[in-house]
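Novice: Sequence first, then the predicted structure, then my questions.
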Amino acid sequence: MNAWLGLLRKELLEISRDKRALISGFGIAFLAPLIIYGGVGFAISQSSSVSPVWIDVTNADRAPGLMETLADAQIFDVADWSGEGDRPTAKLEVIIDEDFAAAIAEGRQTQIILRGDLNDDAVRPVLGRTRDSLRQFSSATAGVRLLMRGIDPRLVQPIQWREQNTAPASNTAGRLTMMIGIYVMMAAFISAISTAVDTSAGERERNVLEMLLIQPVRPFDIVSAKLVGIFLVAMLGVLLTLTLSALAMGQVELEKVGMTFSLEPLNFVLILVVMLPLALLAGSINLWVGYLSKTFKEAQSQVAMVMLIPALGPMTLMFVPEPPDLLRQMPVTGQFMFLEQMLKAESVVVQEPIVASLLTLVLVLVFAWLASRYLASERSIDAL
C-alpha cells in the first residue's frame, strides 16, 4: 500500500508540474461557455428580432395591399430604398401578374412567381418569410371573398388547435441545453489526454518507465496509480466545464424566446457522480493507447481518435430519435441520455444509469488489465 501511495504521489507531482498539459486539457472548460454564451445568445437575438430584407418586386403598383402585408413583415422592395449608402442587393425576385388587381377584384385566381437561387442558404430565410406573408395575404383575401358571398370563413377552417407545453417550469430550453451535455462528455475524454500521453509514451521516451518497472511493484499498481491521476484531471475538467457552461447558459436571455433554464444542485451532483466511471474509462483507454504507441507523437495522434467516443451519444439520438431502453444502460450512450434527462429536468429510471455505470467500470478494469499486461512484457520498453 505504501508503494502504491508513493506511485500516486509521484504521478500527482508530475501532473502538477506540467502546466502546459493542464492548460491545454482545461481549454474546453473555458471554451465551452464562450461558445454557449456567444453562439446561443447570437441565435436568440437573431430569432427574437426581425431584420428588414429587400426583394425585387415587379409590378408592385398592381398589388398595394400585398405590399403592405410584406412591409408588415419587414420585407421591402429595393425600388423604395431611400437610405444612405449603396442600394441593397435583392436576394429574391417577386414577379406579380399584371392583372393582379383585376383578378383579386373579380374573385379570380392570380399568379405570383418567386425567382432566385433557392438553394442558397442566404436566400432561404427570405424565401420563407415571403411565403408566409403570401399565405397570410391569400388567407385574408379568401376570407373576404367568402364573406361577400354570405359564407362564414370558419366553415373552411373546421379545426382550431392550441399548443400547451407541459414541460417542467424549471427548464423549457429543451435540446438547446444539450450543448452542455455534449461539452461535459467531451471534457471527460479530452481534459486528460495530454496527461495520459505524457505519463505513458512520454515516460518511455524519457526512460522513466524502465526505472519504474525495475522497482518492487506490480505493473497493475503502476497502471492504477497513473489511472487515478488521469482520472482526477479528467474530473476536474468535467467539474469546470459543467459549472462554467451552466453559468453561461444562465446568462443567456432565454426568456426572449420563451425558454428557461436552471440546474438544481441535486442534479448537478448526480451528473458528477454519473461522470465518475466515464472519466475512469477515458483515462484507461488513453493510457492503454499511449502504451501501445511507439512514440510520443504517435500516441498523440492515436488518442485523438478517442475523442470520437463521446460523440456516440448525440449521434445515437440523431439517427435513432426513439432509442431503445437498452441504450440507456450501455456505456457512453447511457451517460449521455442521463445528462439529457438531468439538464431537461425529466424523471429518471434509477436502474438505467446504475447499470450503465457498472458496465463502464467493467470496461475500465478490462483496459487497465490490458495496460498492466502490456507493461509486464519486455515489449513495453521498446514499444515493439
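Specialist: Done, it's in.
Novice: Give me the buried positions along the host helix or strand of Met67.
Specialist: Secondary-structure assignment from DSSP states H and E places Met67 in helix 64-72. Of the residues in helix 64-72, those buried by neighbour count under the rule 16 or more other C-beta atoms under 10 Å are 66-67, 69-70. For glycine as for every other residue, the C-beta is placed from the backbone atoms N, C-alpha and C.
Novice: Tell me the strands beside the next helix or strand along the chain from it, with direction?
Specialist: Sequence order places strand 75-77 as the next helix or strand after helix 64-72, per DSSP H and E. Looking at strand 75-77 with DSSP bridges, its partner strands are strand 53-58 (parallel).
Novice: Pull the most distant pair out of the buried residues of helix 64-72.
Specialist: Met67 and Thr69 (7.3 Å; C-beta to C-beta).
Novice: just to revisit the earlier point, quick one: average pLDDT of the helix holding Met67?
Specialist: Mean pLDDT, taken over the full extent of helix 64-72, equals 90.
Novice: List of residues touching that helix?
Specialist: Applying C-beta atoms under 8 Å, 6 or more residues apart in numbering, the contact partners of helix 64-72 are 55, 57, 60, 76-77, 96, 100, 104, 130, 133-134, 136-137, 140.
Novice: quick check, nearest of the buried residues of helix 64-72 to Arg204?
Specialist: For the buried residues of helix 64-72, the nearest to Arg204 is Leu70 (69.4 Å; C-beta to C-beta).
Novice: Distance check, that closest one against Ser51.
Specialist: Shown here: Leu70 relative to Ser51, a distance of 14 Å by C-beta to C-beta, to the nearest Å.
Novice: Next one: Gly107 from Val144, what distance?
Specialist: According to C-beta to C-beta, Gly107 stands 10 Å off from Val144.
Novice: ok, now Glu322?
Specialist: Per C-beta to C-beta, Glu322 is found 45 Å from Val144.
Novice: Neighbour count for those two, which is higher?
Specialist: In terms of neighbours (other C-beta atoms under 10 Å), Val144 is the more surrounded of Glu322 and Val144; the figures are 12 against 5.
Novice: so where's the protein shaky on pLDDT?
Specialist: The model of the chain has pLDDT under 70 over residues 1, 43-50, 164-177, 255-260, 310, 312-314, 316-321, 378-384.
Novice: can you list the domains in it?
Specialist: The chain breaks down into these structural domains: 2-43+172-382, 50-156 (assignment by automatic domain parsing).
Novice: if we can go back for a sec, which of the buried residues of helix 64-72 lies closest to Leu5?
Specialist: When these are compared for distance to Leu5, the smallest value, 74.9 Å, is given by Leu70; criterion: C-beta to C-beta.
Novice: gap between that closest one and Asp18?
Specialist: Going from Leu70 to Asp18 by C-beta to C-beta gives 62 Å.
Novice: Would you quantify the distance from Asp221 to Ala3?
Specialist: Note on Asp221: its distance to Ala3, by C-beta to C-beta, is 7 Å.
Novice: before we move on, what about Pro216?
Specialist: Separation of Pro216 from Ala3 (C-beta to C-beta): 7 Å.
Novice: Give me the buried positions along the helix ranked longest in the chain.
Specialist: Taking DSSP state H as the criterion, the chain has its longest helix at helix 219-251. Of the residues in helix 219-251, those scored as buried under the neighbour-count criterion (16+ other C-beta under 10 Å) are 219-242, 244-246, 248-249.
Novice: How about stretch 51-60?
Specialist: Of the residues in stretch 51-60, 53-58, 60 count as buried by neighbour count, 16+ other C-beta under 10 Å.
Novice: which of those residues sit farthest apart?
Specialist: Of all pairs drawn from the buried residues of stretch 51-60, the widest gap by C-beta to C-beta lies between Val53 and Thr58 and measures 16.9 Å.
Novice: So Trp161 belongs to a helix, correct?
Specialist: No: according to DSSP: H, G, I helix; E, B strand; the rest coil, Trp161 belongs to no helix; its state is coil.
Novice: What count of nearby residues applies to it?
Specialist: Trp161: 4 surrounding residues under other C-beta under 10 Å.
Novice: Kindly report the same for Glu352.
Specialist: 19.
Novice: show me what contacts it?
Specialist: With C-beta under 8 Å, 6+ apart, Glu352 has these contacts: 325, 328-329, 334, 337-338.
Novice: wait, which of those residues is closest to Thr89?
Specialist: Using C-beta to C-beta, Met337 is the member of those that lies nearest Thr89, at 45.9 Å.
Novice: ok, for that closest one, nearest residue in space, not its chain neighbours?
Specialist: If the residues on either side of it in the chain are set aside, Met337 comes closest to Arg328, at 5.1 Å by C-beta to C-beta, 6 or more residues apart in numbering.
Novice: In a helix, that neighbour, correct?
Specialist: Yes: following the definition three-state DSSP, Arg328 is counted among the residues of a helix.
Novice: Can you verify my assumption that it contacts Gly334?
Specialist: Yes: contact status for Arg328 versus Gly334: in contact at 5.2 Å, counting by C-beta atoms under 8 Å.
Novice: what do those two both touch?
Specialist: Taking C-beta under 8 Å, 6+ apart as the contact criterion, the common neighbours of Arg328 and Gly334 are 352-353, 356.
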